[in-house]
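S.K.: pasted the sequence and its predicted model underneath.
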Amino acid sequence: MIHKYKMNNYNIVVDVNSGAVHIVDDIAFDILDCIGEEIDEFPSREIIECLLNKYNRSELMDTYDELYELYKDGQIFFEDVYEEFANITENTPIKAMCLNVAHDCNLRCEYCFASKGDFGKGRILMSLETGKKAIDFLIKNSGNRHNLELDFFGGEPLMNFDVVKKIVEYARSIEKKYNKNFRFTITTNGLLLTDEIIDFINSEMSNVVLSLDGRKEINDLLRVTPNKKGCYDIIVPKYQKLVESRKDKDYYVRGTFTKHNLDFANDIIHMADLGFKNISIEPVVSDPKLDYSIREEDLKRVFEEYENIAKEIIERKKSGKSFNFFHFIIDLEQGPCAIKRLRGCGCGNEYVAVTPHGDIFPCHQFVGYDNWKIGNLNEETFDYKMKDKFSKTNIYSKQDCKKCWAKFYCSGGCNANNMQYEGDILKSHKIACELEKKRVECAIMINAALS
Amino acid sequence: MKHIKTLNKATLKESAAKGGCGECQASCQSACKTSCTVANQKCEK
């Protein structure tokens, strides 16, 4: 299977199953329209004759020969040999956990998937006792995995900062005993950042996600305090201070775009101009009936905006003033192994989320959907049948993914999105798919432009 | 080649035989919490 497309004056051919990416001229691009999934040593008369009105016979033959060389070398129309590896993903240890240390928040963002912080279940902070049980659960269920990851999330995790500190201290105190290496991350809205907290985050967190939607008027439209005031002026100086003192450690400034800012490239550029080098902006996940939701009719405009970001990155890269956009970072030389690519995010199988009540869910996006509860730390319950169900979610068990050109880049999409929009974790959510395919096309085009 | 420029060495098949150790970063922990994509991650081997 191949995928071919034109973008920014490049003709790009992605060979899905080998991972090879080719930039081709117009002749090769057109010849590929005339051949099937195999290339014979010599072209059929039909292939040549259908293009003789555009190109001469000699250049058609030369180009065909080059395509045949690629085919012989396994770099175009390579077969899909990976389905046999899909069962490797079953019964894997749990290696990552999202710890919702606060089902409470000091903002009331209109689009919050956590129902403005409490997941619709009442405001509550996690106790240290539950946090320790979560660490113990993760270690116990992690098998031979050495690297374990814990993301402090919410709500706003800094509303429970003392417990965050003590959980980190507890995990560090026992990790060597069990031959584990904890990597901590935290997602924050920034309001409660102080010098002390910044020092702690920069010392202990291997990655930090800082929420900001971009331009002041955009950020303050939906990211508001309980008394409806914007937060841009409070958080931006704190983020700049945190990032400056963080040196080379990972961070992302991460926003959400909605129907209100379909020109979100301007928000990304604004964040880059504030001095942030690692930026992510995501489409809102919301009820399609809400006025700010992204709908199918918005896709054309969103696609244009992704291309605008890609072109901006290329220009800035050439002038040495670039920034990283999360979805456009693709390592074409290696990247993740094929097993990881067909397995996807691992939600419900190697990744779980834990609430302040000790409830365990397949991931942070499933929290609040009680019929997807997978266990409880305090009751010492865990539904291994549900884990097994999630372990079987991969690009071969999702029928739309199996035949999709982007399957080894997207890895099957988001199970929670599938559940929320389509009612089935194995049924792909069309808008999310289209957005991801466009982002992959842009990411590959950037590689082409900078090659 | 005159008509085709290949951007990368195709290593997907090779990685299937060698990969699957599971020590890489969980994709959900990366940057966004809504689009837990895999392609932009690194192998830690």
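M.R.: In hand now; what should we look at? Residues are numbered from 1 along each chain as shown, chains lettered A, B, ... in the order given.

S.K.: which residues touch the helix or strand bottoming out on mean pLDDT in chain B?
M.R.: When the helices and strands of chain B are scored by mean pLDDT, DSSP states H and E, helix B:12-18 comes last with a mean of 85. Around helix B:12-18, the neighbours that count as contacts under CB atoms under 8 Å, 6 or more residues apart in numbering or on different chains are A:17-19, A:74, A:78, A:81-82, A:85, A:334, A:336-339, A:341, A:408, B:43, B:45. Placement of C-beta: from N, CA and C, glycine included.

S.K.: from the residues you listed, list just the buried residues.
M.R.: A:17-19, A:78, A:82, A:85, A:334, A:336-339, A:341, A:408, B:43 (16 or more other CB atoms under 10 Å in any protein chain shown).

S.K.: now for those: which two are most distant?
M.R.: The most widely separated members of the buried ones among the contacts of helix B:12-18 are A:Phe78 and B:Cys43, with 20.3 Å between them, by CB to CB.

S.K.: number of residues surrounding residue 12?
M.R.: Picked chain A for this. Using other CB atoms under 10 Å in any protein chain shown as the criterion, A:Ile12 is surrounded by 21 other residues.

S.K.: my bad, the chain I had in mind was chain B
M.R.: B:Leu12 - counted by other CB under 10 Å - has 22 other residues nearby.

S.K.: excluding sequence neighbours, find me the nearest residue to the residue of chain A found nearest chain B.
M.R.: With CB to the nearest CB, the shortest gap between chain A and chain B falls at A:Cys337, namely 2.4 Å. Of all residues not flanking A:Cys337 in the chain, B:Gly19 sits nearest, at 2.4 Å (CB to CB, 6 or more residues apart in numbering or on different chains).

S.K.: give the contact list for the one you found.
M.R.: Taking CB under 8 Å, 6+ apart as the test, what B:Gly19 contacts is A:336-340, B:43, B:45.

S.K.: could I get those as CSV with pLDDT, secondary structure and distance to A:Tyr111?
M.R.: Formatted as CSV, the contacts of B:Gly19 follow (pLDDT from 0 to 100; DSSP: H, G, I helix; E, B strand; the rest coil; distance: CB to CB, whole Å):
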residue, pLDDT, secondary structure, distance to A:Tyr111
A:Pro336, 87, coil, 30
A:Cys337, 90, coil, 35
A:Ala338, 91, helix, 35
A:Ile339, 87, helix, 35
A:Lys340, 84, helix, 30
B:Cys43, 78, coil, 34
B:Lys45, 62, coil, 38
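
S.K.: and of those, the nearest to A:Ala28?
M.R.: Of these, the one sitting nearest to A:Ala28 (CB to CB) turns out to be A:Ala338, at 26.5 Å.

S.K.: if I look at the residue of chain B found nearest chain A, how far off is B:Thr11?
M.R.: Chain B approaches chain A most closely through B:Gly19 (2.4 Å), counting by CB to the nearest CB. Separation of B:Gly19 from B:Thr11 (CB to CB, to the nearest Å): 10 Å.

S.K.: what does A:Thr258 give?
M.R.: Taking CB to CB, one finds A:Thr258 at 38 Å from B:Thr11.

S.K.: cool, A:Phe264 as well?
M.R.: 34 Å.

S.K.: neighbour count for these two, which is higher?
M.R.: Per other CB under 10 Å, whichever of A:Phe264 and B:Thr11 has more neighbours is A:Phe264, with 27 against 18.

S.K.: which ones are touching that one?
M.R.: Contacts of A:Phe264 by CB under 8 Å, 6+ apart are A:214, A:255, A:257, A:281, A:305.

S.K.: just A:Glu350 next, same as before
M.R.: Residues in contact with A:Glu350 (CB under 8 Å, 6+ apart) are A:92-96, B:22, B:26.

S.K.: from these, keep the buried residues only.
M.R.: Buried among the contacts of A:Glu350 by 16+ other CB under 10 Å: A:92, A:94-96, B:22, B:26.

S.K.: pick out the lowest-pLDDT one from those residues.
M.R.: Among the buried ones among the contacts of A:Glu350, B:Ala26 carries the lowest pLDDT, at 72.

S.K.: and the residue lying closest to A:Lys427 once chain neighbours are set aside, how many neighbours does it have?
M.R.: Spatial nearest neighbour of A:Lys427, chain neighbours left out: A:Asn418 (5.5 Å); criterion: CB to CB, 6+ apart. Using other CB under 10 Å, A:Asn418 has 22 neighbouring residues.

S.K.: run a quick check on A:Asn418 versus A:Ser428, I expect a contact.
M.R.: Yes - using CB atoms under 8 Å, A:Asn418 is in contact with A:Ser428, at 6.2 Å.

S.K.: now the buried ones among the contacts of helix B:12-18 in a markdown table, with distance to A:Asn144?
M.R.: Listed next are these as a markdown table, based on distance: CB to CB, whole Å:
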| residue | distance to A:Asn144 |
| --- | --- |
| A:Asn17 | 30 |
| A:Ser18 | 31 |
| A:Gly19 | 28 |
| A:Phe78 | 33 |
| A:Tyr82 | 24 |
| A:Phe85 | 19 |
| A:Gln334 | 24 |
| A:Pro336 | 20 |
| A:Cys337 | 17 |
| A:Ala338 | 21 |
| A:Ile339 | 16 |
| A:Arg341 | 22 |
| A:Phe408 | 26 |
| B:Cys43 | 18 |
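
S.K.: quick check, nearest of those to A:Gly375?
M.R.: Closest to A:Gly375, out of all of these and judged by CB to CB, is A:Ile339, at 26.1 Å.

S.K.: related to what we said a few turns ago, pLDDT value on the residue of chain B closest to chain A, please?
M.R.: 85.

S.K.: one more: B:Lys42?
M.R.: 67.

S.K.: what's the answer for B:Gln25, then?
M.R.: At B:Gln25, pLDDT is 69.

S.K.: just A:Glu304 next, same as before
M.R.: In this model, A:Glu304 carries a pLDDT of 91.

S.K.: secondary structure element for it?
M.R.: helix A:299-318 (DSSP states H and E).

S.K.: any residue of that helix touching chain B?
M.R.: No - using CB under 8 Å from any CB of the partner chain, helix A:299-318 never reaches chain B; the gap is at least 12.7 Å.

S.K.: list of residues touching that helix?
M.R.: A:7-8, A:262-265, A:268-269, A:272, A:283, A:294, A:322-323, A:325, A:328, A:431, A:434-435, A:438-439, A:442-443, A:445-446, A:449-450.

S.K.: report the buried members of those.
M.R.: A:7, A:264-265, A:268-269, A:272, A:283, A:294, A:322-323, A:325, A:328, A:431, A:435, A:438-439, A:442-443, A:445-446, A:449.

S.K.: now do the SS call for A:Leu148.
M.R.: strand (DSSP: H, G, I helix; E, B strand; the rest coil).

S.K.: neighbours around it, how many?
M.R.: Neighbours of A:Leu148 using other CB under 10 Å come to 23.

S.K.: dig out what it forms beta bridges with.
M.R.: Counting by DSSP bridges, A:Leu148 forms beta bridges with A:Phe182.

S.K.: tell me which residues touch it, please.
M.R.: Contacts of A:Leu148 (CB under 8 Å, 6+ apart): A:95-97, A:138-139, A:142, A:175, A:180-183.

S.K.: relative to A:Thr355, how far out is it?
M.R.: 19 Å.

S.K.: check A:Ile425 too.
M.R.: A:Ile425 is 20 Å from A:Thr355, by CB to CB.

S.K.: check which helix or strand covers residue 5.
M.R.: The chain I'm using is chain A. Using DSSP H and E, A:Tyr5 falls in strand A:2-7.

S.K.: ah, I was thinking of chain B
M.R.: Going by DSSP H and E, B:Lys5 is part of strand B:4-6.
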